[in-house]
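Peer 1: fold the stuff below for me.
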Amino acid sequence: MTRRASRTFPLVVAGVALLAGAARAADATSPAAANPPAAAAPAAPPALEPKAVDVLKAASARLAAARTLSFTATAEYESPSRLGPPLVYTTQSQVTLQRPDKLRVITPGDGPPSEFYYDGKVMMAYSPDADLVAVASAPPTIDQALAQAYQSAAIYFPFTDVLVSDPYGDLAPSLRKVFYVGQSKVVGGTTTDVIGIVTDDLFGQMWIGAEDKLPRAYRVTYLDDPQRLRQAVVFSKWELDGDVDAGSFGSAKASAAKPIAFARPDPQVPQVVLDAMKARQAAQPAKKKSK
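Peer 2: Next up is the predicted model:
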């Protein structure tokens, strides 16, 4: 039962204000007023806020404990347009993982589709449109295979953080700040804990299920990018510890495609251009002497 507001309330407030003002004026003439005590500086928040760290560790533990994982990851990348402001390009990956040594990533997107298979012994990168496949021997764990795929062929998934065997352990060495933002009831169709993170390389924001501890989205900006372009991933259709078909981690069609080298797609300078450059460099000293 609420109490009706008194009509005398403004007058009471005004009276209290006048009395408080008189008291302050009287205090100002006292010796203590001449040298007021210094105000204590507010304590700086911890770089790694415990509540936010707990959210990260809970998500890591949930993912690491799963024998199998499957999910859909929709990734968005900003890329500069000719007019200046960035455009957004999107990919969507269907991911299936079986610990410790099996992974499949099927990725249609705004560009050419791709498929990646790893069965603990071999990894294949397949381009369905071109019917080309790159095959390489692989190490015995998913973590090692992901590292080798990146180092040898520049293959990288924006959701790699949720695939590794210890997500928090992987992140911790470069973690500089973690802070709790609040909760959202919009992202992922569920209540999520929202945290901010800063590492040596990026500033990011993550949405993690408050109940199921599963990542629902994250958005990052790389600190060495002068344009501060953003990348985002939205996760959906999570299934943990489900049954996975043994044949999921290979493809007969990919195996029959035209083979190419499992190598980084860095631009290669044609040999004829290299020869011309060498000839030009060799001729430069002779031209200087002729002068």
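
Peer 1: give me the below-cutoff pLDDT ranges for this structure.
Peer 2: Scanning the chain for pLDDT under 70 picks out the ranges 1-44, 266-291.

Peer 1: can you give me the helices in it?
Peer 2: Using DSSP state H, the helices found in the chain span residues 9-28, 31-34, 50-65, 142-153, 167-171, 252-255, 271-290.

Peer 1: could you check how far the third one is from the centre of its chain?
Peer 2: Read it as helix 50-65. 15 Å (C-alpha atoms, centre = their mean, to the nearest Å).

Peer 1: elements contacting it?
Peer 2: helix 167-171, strand 175-184, strand 192-199, strand 202-209 (3 or more C-beta pairs under 8 Å, 6 or more residues apart in numbering; DSSP states H and E). Just so you know, the C-beta spots here come from the backbone N, C-alpha and C atoms, and that holds for glycine as well.

Peer 1: dump it to CSV, keeping only the CA atoms.
Peer 2: Taking C-alpha atoms only, helix 50-65 is exported to CSV below (Å, rounded to 0.1, in the frame of the first residue of the first chain):
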residue,chain,number,x,y,z
PRO,A,50,36.7,-12.2,-11.0
LYS,A,51,33.1,-12.3,-12.2
ALA,A,52,34.1,-12.0,-15.8
VAL,A,53,36.9,-14.6,-15.4
ASP,A,54,34.4,-17.0,-13.9
VAL,A,55,32.2,-16.6,-16.9
LEU,A,56,35.1,-17.3,-19.3
LYS,A,57,36.3,-20.3,-17.3
ALA,A,58,32.8,-21.8,-17.1
ALA,A,59,32.4,-21.6,-20.8
SER,A,60,35.9,-23.1,-21.3
ALA,A,61,35.1,-26.0,-19.0
ARG,A,62,31.8,-26.8,-20.7
LEU,A,63,33.4,-26.9,-24.1
ALA,A,64,36.5,-28.9,-23.0
ALA,A,65,34.4,-31.5,-21.2
